[in-house]
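**Q** Have a look; sequence and predicted model below, questions after that.
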Amino acid sequence: MAGFFGGNRRTMSFAAWGWFFLGMLPTLLALGGGTGVCAELSADSRACMECHATVTPGIVADWEKSAHARVSPADAAGKGALERRVSFEKLPDKLGGSSVGCAECHTLNPDDHKDGIEHQGYPVHPVVSPADCAVCHPVERNQYNENLMAHAYADLTANSLYRDLKDSINGVQVMEKGKLAARPSERTTDEDSCLACHGTVVEVAGTVSRSTEMGDMEFPVLTGWPNQGVGRINPDGSKGCCSSCHTRHQFSIETARKPATCSQCHKGPDVPAYKVYSVSKHGNVYASVEKEWNFHNVPWTVGKDFTAPTCAACHMSLVVSTDGQVISQRSHGAADRLPWRIFGLIYSHAHPKSPDTSIIRNAEGLPLPTSLDGKPAAGFLIDAAEQDKRKARMEKLCLSCHSRGWVDGHWARFVDTLRVTDAMTLTATRMVMTAWEKGLAKGLAQKGNVFDEAIEKKWVEQWLFYANSTRFSAAMSGADYGVFADGRWSMSKNVRDMQDWLDSRTGGAGK
Amino acid sequence: MAGFFGGNRRTMSFAAWGWFFLGMLPTLLALGGGTGVCAELSADSRACMECHATVTPGIVADWEKSAHARVSPADAAGKGALERRVSFEKLPDKLGGSSVGCAECHTLNPDDHKDGIEHQGYPVHPVVSPADCAVCHPVERNQYNENLMAHAYADLTANSLYRDLKDSINGVQVMEKGKLAARPSERTTDEDSCLACHGTVVEVAGTVSRSTEMGDMEFPVLTGWPNQGVGRINPDGSKGCCSSCHTRHQFSIETARKPATCSQCHKGPDVPAYKVYSVSKHGNVYASVEKEWNFHNVPWTVGKDFTAPTCAACHMSLVVSTDGQVISQRSHGAADRLPWRIFGLIYSHAHPKSPDTSIIRNAEGLPLPTSLDGKPAAGFLIDAAEQDKRKARMEKLCLSCHSRGWVDGHWARFVDTLRVTDAMTLTATRMVMTAWEKGLAKGLAQKGNVFDEAIEKKWVEQWLFYANSTRFSAAMSGADYGVFADGRWSMSKNVRDMQDWLDSRTGGAGK
Amino acid sequence: MAGFFGGNRRTMSFAAWGWFFLGMLPTLLALGGGTGVCAELSADSRACMECHATVTPGIVADWEKSAHARVSPADAAGKGALERRVSFEKLPDKLGGSSVGCAECHTLNPDDHKDGIEHQGYPVHPVVSPADCAVCHPVERNQYNENLMAHAYADLTANSLYRDLKDSINGVQVMEKGKLAARPSERTTDEDSCLACHGTVVEVAGTVSRSTEMGDMEFPVLTGWPNQGVGRINPDGSKGCCSSCHTRHQFSIETARKPATCSQCHKGPDVPAYKVYSVSKHGNVYASVEKEWNFHNVPWTVGKDFTAPTCAACHMSLVVSTDGQVISQRSHGAADRLPWRIFGLIYSHAHPKSPDTSIIRNAEGLPLPTSLDGKPAAGFLIDAAEQDKRKARMEKLCLSCHSRGWVDGHWARFVDTLRVTDAMTLTATRMVMTAWEKGLAKGLAQKGNVFDEAIEKKWVEQWLFYANSTRFSAAMSGADYGVFADGRWSMSKNVRDMQDWLDSRTGGAGK
């Protein structure tokens, strides 16, 4: 097929090389290009480029700035253990001395890809999956498979209570006979909301023929597409989406290391990690002087490459000291350095053992990691020893800049805040249970959706917004996010409003 | 008058040139200075500088970094069609080979400027208007005249319903005989709030004499000043304010192309465009790697100059591909690539035909683009063919990086979200109408302001904040702004709260 | 003790120098290094480095990028009056020709430091205090002592009403016999919330022995630690924490001059200065082009070093014009250029005379700068003449870029907004007083906490969030923060909700 366009296949490439050496010089140096010679594009990828340099020029120019465009897997494999960015043991078939271009990824593992289609003579699939990336990066994919994020789709949709929460938010509500009734949540709505982050199910619904500049062509029709959610279910059966953080088509480690990447899903009131970080001392240092940091070096040297941690530094990156000692190993399991899970659930709790949280049952038989009074479903959660291990991993990073006394003081406050926020949530929970008991709302006993009525929604905000925000603030020293910005102020106001609501309906004090 | 200060008029300029060649070298290169020789200041502008380099040193030093300081209109006119930043056909009188300094703008069109005053021998006006800018940039001004933004003052104040909304927000409320009463909204308050973005009416109220270092001088006294709102009514009768986005006195295209500029008016809960963009993949790429982009090149090359769009790239800029093909023409009509208007009104709807929206009447005779049940006032809105044309313009940009399947999937979800958010708004509208019918609030039939009572304000938030936020999220893939950050969560909670309010006052279910 | 590690003490330093001359060249140039020779580390600090380069590598590498690492106090003292960054008259003992390393600060003033401990032969204290910094920077410390911020701890905790507010937010609320009861606020909670910004009391609770790589060592155990609040009470009795803004261990003036630093405490709904700045024209210019500014130069030249002010530029920095004239003197008293206090209290008012605000009593005998109806406690507040003086200082900065007419118009609107927001607060105050009178809530007469009940919390939000936000918006032209983003919309909605609440409990109109 490539021959169809024949002739001067290198035209585009020459332009590309010129651009490289002007614009990418600093990055090239950072990547330690060794010989300084860039890897060549494979013949297959050159064939792609013949059209796509014109058809999708933005994406091609973007890729040209990537490490994939410059470094072949063979060259990448030749680095030292800490510098190495690929993790295969043996050079994969077909991925040898050429750069990692269009064809290398989009024609990989053709037998697994239900979204694959014959395109200009090649078996091309649009949805490059973690299983494809794993050909060169198997260790990272395996770590990620144990990450809650990889399971974010089923953890939401296969949990009857979370599904109720989702439906109470997404289902269109209509007036029927003077009462509000909620229609079922629609697939498109779910995909545009929760599943944007949790990940959609991408399936092949058929094919479509389109007229293009190159004549009529067949393309797959995909459901749940586009999507870059962390727990996407791909047409090859794999879970996840590496480009959630390693954004196409530069796949720049700089992007993955910067907090804006995490903010895509972690900025809202339900998980205000980015907002809290922004007002923390770490976030301030980042905002003030990050332009002088090096976001490309692997490994990443604390104090030299960066002078305050980003999200990645604490939770994922391979970090070394100025004398080259490993402070923390690279991890794609975001909870590997976290003893506690502090958001998304009613109470804080030790992290689940399995990333598949839909299997959890609390003492009441509900798919929750704690009872409604906060008691942990201990059998499904990591034990104290494992918590200590994870805490120690995190602390090793803290201690690269802070004294033991500083770190201990910080942790003590954080753990105390878990206790206090859980207590404030318990108070709200008792109120909503009172509403259920008195018939002011339909609760578990009445087989109601426990998240859909006015008083229930106040209860949800107590833990899903305010207690969470307060905990994030304690975790990262975010000050006001523990007070007036969805913090303790909101918790205290909310229980007063709930009590006021109850009082006005039961002849209580406020009446 | 210039002679008054006599002597060495170039002193300041020498300092300026030194600064240029050190600090502005990269920008100079980007502007493709041709001969490398900077345009000279006119004698008139040199006269201004004699004092103003001392009197307002910040503004002078800022201007010295501008393209206006370096490039004369004559030089600017000599560029190729795509590179050209001026759009006049014939070199304007008096604006020839010298740079565009103080006098070039502030003494232009003296006969039209009611704010003009004799100042040191020159007819100086403080309010440089789009009509002044149009001397060199007529095409852009004409495009902008068709932009809703240019009409933002009257679109707000000449619409009786919007005026009611404004008054319900800005009028001071006082207790009178145990009841809340709203005083009329004051001019100063309007100017400090809505009109900060919509634009004030700038009029000459008189003149004032002030003692200055140069002796007593007369100055005009302006009402509605200062203001940089997009629909400002200027003393010369023109509408708009180019420096809303092309900030004085660098007038840097870099600033206009960066999203922070749009955030000045598009960040609040009523129009959270910037917030949604920030957590989108595009916004993340911008935040992570924009420091490597070129914001000065004209035309702007996708993938090369920038690797993810900013607000300007999608809505306004002249964008070309790496091989120089035009992907989108420059436009100063922000809706030229938009089929739908998604914010500020009760329901989403096709864009109005005329930028003067005060002429619109819906089926009920109200100045709204839809009826209260969502039916479009079709005669005043663009038709499906025009919508398709605008959609095609936008898609051409999308397709420079994304496949047709990706783009179709994105649009399908977006349009679906318009339907769902409109349905959720309809439910809230029916509730407020129930309140009006039952005498719980004063509605249209009772000649009440329909935005000022407690239940009405909940209704307003349903569409003005939550439905809008959800639509912006769908438009730009902003995830949480469609769920917990003022999105579907808030829509679903709000209708429950409204129902709860109605129930408690009518003996309904919640009582 | 240093001898214990013996041998090649310079190893680390050699690496450091290499790093300096590559990475810090621009900064070195900005600092005007004179001879270009960096100051040497003292023997004592070299001893610290022997271990700490390994034990806390991040902090050491961070310090190596600081001016402290390069410039000795002696060299710093040799600069001209405007360039000088130290303010001592006579070179302090022991701080001579060597750089300012670990030992210089952490062993200073040993007799005053209750947190000092014998550490490897040195009297080391962990908490470096303003009194320590004052050895080289006495003028700045003295200015800061007059700053409200230095008194932020007692201004909160020694004021019975503010303490009530704090307790109503931080105390755990529990259901007791069907009623909500608030437990006392716990020390750890206070430290994790309000005191994170206001400052904790750092006291020595004892010592602890820890096994380290260097054997067993004694360390002080500190309460209230870690903390970087602006009014921290230090173990040496001093107030404040210079590293709140001059972040350890680079202490970079760049960081202090950037708005993210202020956002650490000034971003929440109670004091949205940063958010308002972000959407202001000044903030937009900063966001768009600050990468081209020089944040290191002292003095700071308007228009040349920066083209729009940051927080520091208006409130603290030494700013000069392009011809070297002083526009504003450096100040560490944040209110020196502010006639009005616009946040944190019920009504806006002239700034307090004394930074110790706990001494203030209003006409009702309450520790508030105004009566409940807004009348100022004039005896405790600066008079009109002092207000004019402060206004003139601020205006001098405005006038370096803006005309007198512009500045007057801006101030007139701002002052008008104070009046309007105070009027809207008065309406809310009258409502809460009605609730107290009618027994719907416990007020002052009933010896109740006036901030803890549902209706009271609505009242608090009226002034603490919405009126404040509106004033900040007026002060900095933040548009939507005066309307829909916690501004006038919220004020008008809140009084309607309060009235609705009253009506529904008193048989009023809404019932």
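**A** In hand now; what should we look at?

**Q** Please, where are all the strands along chain A?
**A** Remark: strands assigned in chain A by DSSP state E are A:117-119, A:122-124, A:173-176, A:179-182, A:203-212, A:215-223, A:300-301, A:319-320, A:326-328, A:340-341, A:349-350.

**Q** on contacts alone, who are the packing partners of the longest one?
**A** This means strand A:203-212. Strand A:203-212 makes packing contacts with strand A:215-223 when contacts are defined by 3 or more Cβ pairs under 8 Å, 6 or more residues apart in numbering or on different chains; DSSP states H and E. Where you see a C-beta, it was placed from the backbone N, CA and C, and this is true even at glycine.

**Q** can you tell me if the strand it packs on touches chain B.
**A** Yes - applying Cβ under 8 Å from any Cβ of the partner chain, one finds that strand A:215-223 is in contact with chain B at A:F219, A:P220, A:V221, A:L222.

**Q** so which of those comes closest to chain C?
**A** Of all the residues of strand A:215-223 next to chain B, the one sitting nearest chain C is A:L222; the distance, using Cβ to the nearest Cβ, is 37.3 Å.

**Q** circling back to that earlier point, the strands of chain A into a markdown table, with extra columns for mean pLDDT and mean neighbour count?
**A** Conversion of the strands of chain A to a markdown table gives the following (pLDDT from 0 to 100; neighbours: other Cβ atoms under 10 Å in any protein chain shown):
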| stretch | mean pLDDT | mean neighbour count |
| --- | --- | --- |
| strand A:117-119 | 97 | 15 |
| strand A:122-124 | 97 | 18 |
| strand A:173-176 | 92 | 16 |
| strand A:179-182 | 90 | 16 |
| strand A:203-212 | 96 | 12 |
| strand A:215-223 | 96 | 15 |
| strand A:300-301 | 98 | 22 |
| strand A:319-320 | 98 | 24 |
| strand A:326-328 | 98 | 19 |
| strand A:340-341 | 98 | 20 |
| strand A:349-350 | 98 | 24 |
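
**Q** Dump these to a markdown table, plus distance to B:G199.
**A** Below are those laid out as a markdown table (distance: least, Cβ to Cβ, whole Å):
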| stretch | distance to B:G199 |
| --- | --- |
| strand A:117-119 | 52 |
| strand A:122-124 | 51 |
| strand A:173-176 | 38 |
| strand A:179-182 | 41 |
| strand A:203-212 | 45 |
| strand A:215-223 | 45 |
| strand A:300-301 | 49 |
| strand A:319-320 | 51 |
| strand A:326-328 | 53 |
| strand A:340-341 | 49 |
| strand A:349-350 | 53 |
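
**Q** quick one, helices of the stretch 251-400 of chain A?
**A** Counting by DSSP state H, counting those that start in this stretch, one finds helices in the stretch 251-400 of chain A at the ranges A:253-257, A:259-263, A:273-279, A:281-289, A:311-315, A:384-398.

**Q** which of the ones you listed is buried the deepest?
**A** The highest average neighbour count among the helices of the stretch 251-400 of chain A, using mean count of other Cβ atoms under 10 Å in any protein chain shown, belongs to helix A:273-279 at a mean of 26.

**Q** and the spatially most central residue of chain A, what does it touch?
**A** Centrality entry for chain A: nearest residue to the mean C-alpha point is A:V230, 4.8 Å, by Cα atoms, centre = their mean. By Cβ atoms under 8 Å, 6 or more residues apart in numbering or on different chains, A:V230 lies in contact with A:M149, A:A150, A:A152, A:C197, A:H198, A:G199, A:G240, A:C241, A:S244, A:C265.

**Q** my read: the fourth one touches A:S263, true?
**A** It refers to A:C197. No - distance between A:C197 and A:S263: 11.3 Å, which falls outside the contact criterion (Cβ atoms under 8 Å).

**Q** returning to what we had before: for the strands of chain A, which one sits closest to B:V128?
**A** Checking those against B:V128 by Cβ to Cβ gives strand A:203-212 as the closest, at 48.4 Å.

**Q** Kindly export the closest one (C-alpha atoms) in CSV.
**A** Listed in CSV are the C-alpha atoms of strand A:203-212, where the atom choice follows Å, rounded to 0.1, in the frame of the first residue of the first chain:
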residue,chain,number,x,y,z
GLU,A,203,-16.4,-2.0,21.8
VAL,A,204,-16.7,-2.4,18.1
ALA,A,205,-20.3,-1.8,17.0
GLY,A,206,-19.6,-2.3,13.3
THR,A,207,-17.8,-0.6,10.5
VAL,A,208,-18.5,2.4,8.4
SER,A,209,-17.3,3.5,5.0
ARG,A,210,-16.2,7.0,4.5
SER,A,211,-15.0,9.0,1.5
THR,A,212,-11.6,10.4,2.1
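
**Q** what about chain A, any weak spots by pLDDT?
**A** A:1-37, A:508-511 (pLDDT under 70).

**Q** Kindly report the domain assignment for it.
**A** When chain A is parsed into structural domains using automatic domain parsing, the resulting residue ranges are A:1-106, A:108-251.

**Q** Give me whichever of these is most buried.
**A** Per-residue neighbour counts averaged over each of those give the maximum for domain A:108-251, namely a mean of 20 (mean count of other Cβ under 10 Å).

**Q** So what's the residue count around A:K442?
**A** If you count neighbours by other Cβ atoms under 10 Å in any protein chain shown, A:K442 ends up with 16.

**Q** A:I455 is in contact with that one, correct?
**A** No - taking contact to mean Cβ under 8 Å, the distance of 10.7 Å between A:K442 and A:I455 leaves them out of contact.

**Q** In the stretch 51-200 of chain A, which residue sits closest to chain B?
**A** Counting by Cβ to the nearest Cβ, the stretch 51-200 of chain A gets nearest to chain B through A:A61 (2.5 Å).

**Q** Which one, of the strands of chain A, ends up nearest to C:H68?
**A** Distance to C:H68, taken as Cβ to Cβ, is lowest for strand A:300-301 among these, at 21.0 Å.

**Q** Check which helices and strands the closest one is in contact with.
**A** Taking 3+ Cβ pairs under 8 Å, 6+ apart as the contact definition, the neighbouring helices and strands of strand A:300-301 are strand A:319-320.

**Q** which residues are in contact with stretch A:370-384?
**A** When contacts are defined by Cβ under 8 Å, 6+ apart, stretch A:370-384 is touched by residues A:339, A:345-347, A:349-354, A:359-364, A:366, A:368-369, A:390, A:422, A:425-426, A:429, A:433.

**Q** Flag every buried residue along it.
**A** A:T370, A:S371, A:L372, A:G374, A:P376, A:A377, A:F380, A:L381, A:I382 (16 or more other Cβ atoms under 10 Å in any protein chain shown).

**Q** Between all of these, which two are separated the most?
**A** The most widely separated members of the buried residues of stretch A:370-384, counting by Cβ to Cβ, are A:L372 and A:I382 (21.7 Å).

**Q** The helix ranked longest in chain A close to chain B?
**A** In chain A, assigned by DSSP state H, the helix with the most residues is helix A:404-437. No - using Cβ under 8 Å from any Cβ, helix A:404-437 stays clear of chain B, coming no nearer than 10.0 Å.

**Q** which strands and helices sit next to that helix?
**A** Packing contacts for helix A:404-437, counted by 3+ Cβ pairs under 8 Å, 6+ apart, involve helix A:384-398, helix A:454-461, helix A:468-476, helix A:488-506, strand C:173-176, helix C:187-192, strand C:215-223.

**Q** Before I go, just wanted to say thanks for your time.
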